[in-house]
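In: Sequence first, then the predicted structure:
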Amino acid sequence: MISATLWKEIEPLLPRNGRAADRVYKRAEGGGRKRNDDRLMFTAVLEKFATGQAWRDLTGDVYGSGSAVHARFRQWEKAGLIEALERQGLLDHPELRPLRDAVAIRRASDMQAAKKRRESAQFPLLPIASAEPLPITARGRRIRLEIIAAAQRLFHRNGGEQGGGFETTTAEAIAAEAGVSTRTFFRYFQSKMDVIYLDLSYGLRDLGMELDRRLPHDEPVEQVLIAWFTSTLAMTHSEINRDRMRRAYRSPNFLARRGLFIMESQSIIFERLSRQQPYSGHGPMCRLISGILASMLDMINEAWAQRGAVPDEEMLTDMQQAFSAIGEVDLAHVLDKALREHALTPPTPIRKFL
């Protein structure tokens, strides 16, 4: 039980229960439990935080139900008891250390959650293809290019990649620079990420359209690569897009968006390949191939960006050698060698495969 000396200082800070002090209250027959003593309930709160147990575990004859203890604590919290204890300097009392530590942990957690919410608002991790991009008309293409150009000007004016240009440049400022409303900005782009770096929603749309145009085909995997090269070459035809690609694949700001691009690329490829022979009806194999292709295309994008978003002969030679090396891998040989080197007993499925 909390000491009587300390309780004398805490009790006046508790919210009143709304009952008149000069009135005697009697419960009707069968009218429920008598309200537990505040000092006892406060002691239960300290025990909960000291031991780390759940509220529901505060049961038994001593404290009553854990839910009642929790409800009382929530009532005190809402009434500002924690702040009152801080103002009186009581939260630093040794007996209240469990409560002080719990409050500190919760506040740190709340601060971290608030930071994540701010970052989420600034760098939204919306599914890239969550909204179908608007059809590209001549006017729409012109507006998009004007917004992208305005974003590049502002980004460099505000310090660029190393000078905090991304953090400083807002969607509202980009819209004003382009001479359009903020509403128009969000009609064409999900966030400022899409104009300062890469607009991947349109890249995914172009990839899907190219695949729909090329499939079905006798060589579906080859067609995926052709579709990707077609859309990427078209995108990097202009200098401004090459600059955006170079910046995107060098920036830590783009990492989360890049991860989403890989996942959604895999989904788009899987959706198309799963309808083609020989992959139809072989979901796990098709999903594995789609994941490998999506990751491979992302790595090619990175290599492409490192070379100024203009593929050179060395890069193309490296790509050809990589494709050849992957195609020559004998999985059975790899598994057998791994098992032998580590003296492992293969699971039944692997043993049958070998």
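Out: Arrived safely, thanks for sending.

In: List the contacts of stretch 306-322.
Out: For stretch 306-322, contacts defined as CB atoms under 8 Å, 6 or more residues apart in numbering pick out 236, 241-243, 245-246, 249, 300, 303-304. In short, each C-beta sits where N, CA and C put it, glycine included.

In: among the residues you listed, which are in helices?
Out: Within those, residues falling in helices by DSSP state H are 241-243, 245-246, 300, 303-304.

In: Any of the residues you listed buried? List them.
Out: Neighbour-count burial (16 or more other CB atoms under 10 Å) applied to the ones in helices among the contacts of stretch 306-322 gives 241-242, 245-246, 300, 303-304.

In: Could you pull up the contacting residues of R250?
Out: Taking CB under 8 Å, 6+ apart, we find R250 in contact with 161, 305.

In: And for the residue lying closest to S280 once chain neighbours are set aside, the neighbour number?
Out: Closest residue in space to S280, ignoring its immediate chain neighbours: S274 at 6.4 Å, by CB to CB, 6 or more residues apart in numbering. S274: 17 surrounding residues under other CB atoms under 10 Å.

In: now swap in R272 and tell me
Out: Counted by other CB under 10 Å, the residues lying close to R272 total 23.

In: could you list every residue that touches it?
Out: 208, 211-212, 215, 220, 224.

In: From those residues, list the buried ones, please.
Out: For the contacts of R272, buried by 16+ other CB under 10 Å: 208, 211, 220, 224.

In: In terms of model confidence, name the weakest of those.
Out: Lowest pLDDT within the buried ones among the contacts of R272 is found at P220 (82).

In: Please tell me how far that residue sits from D37.
Out: 74 Å (CB to CB, to the nearest Å).

In: which residues of the stretch 251-354 of the chain fall in strands?
Out: For the stretch 251-354 of the chain, applying DSSP state E, counting those that start in this stretch gives no strands.

In: Start from the N-terminal end of it and give the helices.
Out: Ranges of helices in the stretch 251-354 of the chain, per DSSP state H, counting those that start in this stretch, are 255-273, 283-306, 313-327, 331-341, 348-353.

In: tilt between the longest one and helix 255-273?
Out: Looking back up the chat, that one is helix 283-306. Interaxial angle, helix 283-306 versus helix 255-273 (axes from the mean of the first three to the mean of the last three CA atoms, to 10 degrees): 130 degrees.

In: can you pull the buried residues of helix 283-306?
Out: 286-287, 289-291, 293-294, 296-298, 300-301, 303-305.

In: now do the first one
Out: Neighbour-count burial for helix 255-273 flags 257-258, 260-262, 264-270, 272-273 (criterion: 16+ other CB under 10 Å).

In: Could you find the two of the residues you listed that are most distant from each other?
Out: Farthest apart among those by CB to CB are R257 and L273. That separation is 24.2 Å.

In: re earlier: of all the buried residues of helix 283-306, which comes closest to A108?
Out: Using CB to CB, D298 is the member of the buried residues of helix 283-306 that sits closest to A108, with 35.3 Å.

In: The closest one - nearest residue in space that isn't next to it in sequence?
Out: Here the residue nearest D298, using CB to CB, 6+ apart, is I262, at 5.1 Å.

In: show me the residues around that neighbour that make contact.
Out: Here I262 is in contact with 294-295, 298 (CB under 8 Å, 6+ apart).
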